[in-house]
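A.B. asks: only geometry, no sequence info:
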C-alpha cells in the first residue's frame, strides 16, 4: 500500500484497542493523529512509539461529543499532518455499566448517546466533505455485537452500537460515488480495555459463549482496520463486518 501521504485519525486512540489501531496504521505507513479525551498522556506515549518507527504522528485532546471542539481539533490535525483520509471512530463509553432499562439513569443514557453515536456523527460531518472533494476516504466505525444481538444491562450501549450501523450504511450510500467507503466493525469479546474491567469469572463466562472459546486479540482486529483503510478494500462499503470468534453461532 502506498499510503505515505495518507492521514489517519483515531478517536479513543489512547485506549487498549485504539492504541493498537494507531500503531498498526503507522506501521502500514499512515500518518496518525492519536485522539484522546481524558488520557492525553497515554496518547503521547503511543505517539512516541510511532515516532520511533520513523512515522509522523501527533497526540491531541478532543471531546467527540462537542462539535465546536471537533471542528477546532481536526483543523489542528490538518495543519500539522494534512487532510484526514482515514477516520476510525473508536471512542466509546458505557460498555461495562450494568443496569437494566428501568434502572438506567437518564444522564448515563444521554452520555452514552453523546459519545457513542453523536460523536461519530460529529467527526464524520467534519471529515466527510474533504474526503468527497478529494475523491478518496475511508471511514471505519467500531460497533459491537451488543448492537446486533442486544445486551442485557447495556441498553444505552447496545442502542448506540445499533445506531452506529445505521449511520454507517447511510454514509456509505451518500459517499460511495465520491470515492469514500464507510464500514462498521462489529466486535465480540476482545482481550483489551473493558474486558479487563470485569471479574475473571465473568470473563470466562463470556469466552465460553464464543465458538473459538477465546477472546480476540487487538492485533486481530487492527489487521482488519488497516485493510479497510487501504486501497485494497475499495469495493467494500456499507458493511457491518462481525469480528467475534463466532459469538453469533450456536455453541455447545
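C.D. replies: All right, it came through fine. Just so you know, these numbers come straight off a predicted model, no measurement behind them.
A.B. asks: low pLDDT regions in the stretch 101-250 of the chain?
C.D. replies: Of all residues in the stretch 101-250 of the chain, none has pLDDT under 70.
A.B. asks: measure stretch 51-69 end to end?
C.D. replies: With CA to CA, to the nearest Å as the measure, stretch 51-69 spans 26 Å from end to end.
A.B. asks: In a helix, residue 241, correct?
C.D. replies: No: counting by DSSP: H, G, I helix; E, B strand; the rest coil, residue 241 is not found in a helix; it is strand.
A.B. asks: so what's it up against?
C.D. replies: Contacts for residue 241 (CB atoms under 8 Å, 6 or more residues apart in numbering) come out as 183, 184, 185, 186, 224. Where C-beta positions appear, they are placed from N, C-alpha and C, glycine not excepted.
A.B. asks: which of the residues in the helix or strand encompassing residue 123 are buried?
C.D. replies: Residue 123 belongs to helix 119-134 when assigned by DSSP states H and E. Neighbour counts over helix 119-134 (16 or more other CB atoms under 10 Å) mark 119, 120, 121, 122, 123, 124, 126, 127, 128, 131, 132 as buried.
A.B. asks: do stretch 79-97 as well
C.D. replies: Result for stretch 79-97 [16+ other CB under 10 Å]: buried residues 81, 83-95, 97.
A.B. asks: contacting residues for the residue most central in space within the chain?
C.D. replies: The chain has residue 90 as the residue nearest its centroid, 2.1 Å off, counting by CA atoms, centre = their mean. For residue 90, the contact set (CB under 8 Å, 6+ apart) comprises 10, 11, 12, 13, 15, 17, 18, 21, 142.
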